[in-house]
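Visitor: Sequence isn't available, so here's the structure alone:
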């Protein structure tokens, strides 16, 4: 979906299968296609893309569910977001159903009022399709940047599996574009229509600069996060965020991703999957103990 880096810069992952034929993707084999580091690298940029659809962005800005606000509870919000991603991709049907029920409960109050500039409802399958599309695009984009493009048949199989990113909520399976070519048409048609309104820009700037976290954390990580977010955003959203990006920045960014990939691909599988495997373990522990999932 994106222009890959030069293939000579990619390093094979030692114990990852390099399939040349499309085998069915299952919760047990999906780890061959996802990396835990991508959740950290791509998270903030992906949130910006999701919320660039105005009803989704307004739903977050106007939400009265304080327990789910990243500005008030950043650690909890990170847990629930990454737990959803882990369950959607790695969970059983029963685990996905339980997590859907938990998310539905927190989403129930998220709907527009008479004062809202646009109408929205967190249960709207069309909005969930856009969010799922952003999640898939982000996974595919970072995988390609860091490991090179998948075999086309394998990429199609993984793409179809990623419908779970939406069907774990209310999106119906038939809403997911039938193949990658159809997805690309959906993406090319809808991405240019997305934008950043001023209130969202302020919200995103605080999110990128980690204003909700203690000062020492901001000092260590905020500058790097802003650089990564700027590099991953589509150009027109980057411009609407009033971010600058030069060819020199792009070369630095490419070198950064290659360096991360060089280290990451040499880690044991359990470490490569962190934190997604840790959040999946936590969800299963919470289910077993009867604790809240979100």
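Guide: Thanks, I have the structure now. If you're wondering where the values come from, they're calculated on a predicted model, not measured in any experiment. Numbering: from 1, shown residues only.

Visitor: Please spell out which residues along the one helix or strand residue 223 maps to are buried.
Guide: For residue 223, the host element (DSSP states H and E) is helix 215-232. For helix 215-232, burial by neighbour count (16 or more other C-beta atoms under 10 Å) applies to 222, 225-232. From N, CA and C alone the C-beta is placed, and that goes for glycine too.

Visitor: could you give me the average pLDDT of stretch 135-147?
Guide: Stretch 135-147 shows a mean pLDDT of 94 in the predicted model.

Visitor: ok, the most far-flung residue of the chain relative to its centre to residue 62 distance?
Guide: Most distant residue from the mean C-alpha position of the chain: residue 114, 30.8 Å away (C-alpha atoms, centre = their mean). Applying C-beta to C-beta, to the nearest Å, the value for residue 114 to residue 62 is 12 Å.

Visitor: just residue 132 next, same as before
Guide: Applying C-beta to C-beta, the value for residue 132 to residue 62 is 22 Å.

Visitor: what about the strand or helix carrying residue 47, distance to the chain center?
Guide: Using DSSP H and E, residue 47 maps to helix 36-51. A distance of 5 Å separates the centroid of the chain from that of helix 36-51, by C-alpha atoms, centre = their mean, to the nearest Å.

Visitor: what's that helix packed up against?
Guide: Contacts defined by 3 or more C-beta pairs under 8 Å, 6 or more residues apart in numbering; DSSP states H and E place helix 36-51 against helix 54-61, helix 74-90, helix 125-147, helix 198-208, helix 215-232, helix 247-264, helix 269-273, helix 276-289.

Visitor: one more time with 6 Å, if that's ok
Guide: With contacts defined as 3 or more C-beta pairs under 6 Å, 6 or more residues apart in numbering; DSSP states H and E, helix 36-51 has these neighbours: helix 54-61, helix 125-147, helix 215-232.

Visitor: Out of the ones you listed, the one nearest residue 46 is which?
Guide: Nearest to residue 46 among those is helix 125-147 (4.3 Å), distances taken as C-beta to C-beta.

Visitor: Taking the centroid of the chain, which residue is nearest it?
Guide: residue 135 (4.0 Å).

Visitor: low-scoring stretches of this protein, by residue?
Guide: Filtered on pLDDT under 70, the chain yields the residue ranges 1-22, 67-68, 71.

Visitor: what about 80?
Guide: Residues of the chain that meet the criterion pLDDT under 80 lie in 1-22, 65-73.

Visitor: Give the burial count for residue 61, as a bare number.
Guide: 15 (other C-beta atoms under 10 Å).

Visitor: Who has more neighbours out of residue 132 and residue 62?
Guide: residue 132 (24 against 17).

Visitor: mind checking how far the more buried one is from residue 91?
Guide: 15 Å.

Visitor: repeat for residue 102
Guide: Relative to residue 91, and taking C-beta to C-beta, residue 102 is found at 12 Å.

Visitor: Residue 252 now?
Guide: Residue 252 is 37 Å from residue 91, by C-beta to C-beta.

Visitor: Settle it for me: which of the two has more neighbours?
Guide: residue 91 (22 against 13).

Visitor: picking that back up, figure out how far the helix holding residue 223 is from the centre of its chain.
Guide: For helix 215-232, the distance to the chain centre is 17 Å (C-alpha atoms, centre = their mean).

Visitor: Identify the residues contacting residue 63.
Guide: residue 110 (C-beta atoms under 6 Å, 6 or more residues apart in numbering).

Visitor: Over to residue 74?
Guide: Residue 74 touches residue 212, counting by C-beta under 6 Å, 6+ apart.

Visitor: how about a cut-off of 10 Å?
Guide: Contacts here follow C-beta atoms under 10 Å, 6 or more residues apart in numbering; on that basis residue 74 touches 207, 210-213, 217.
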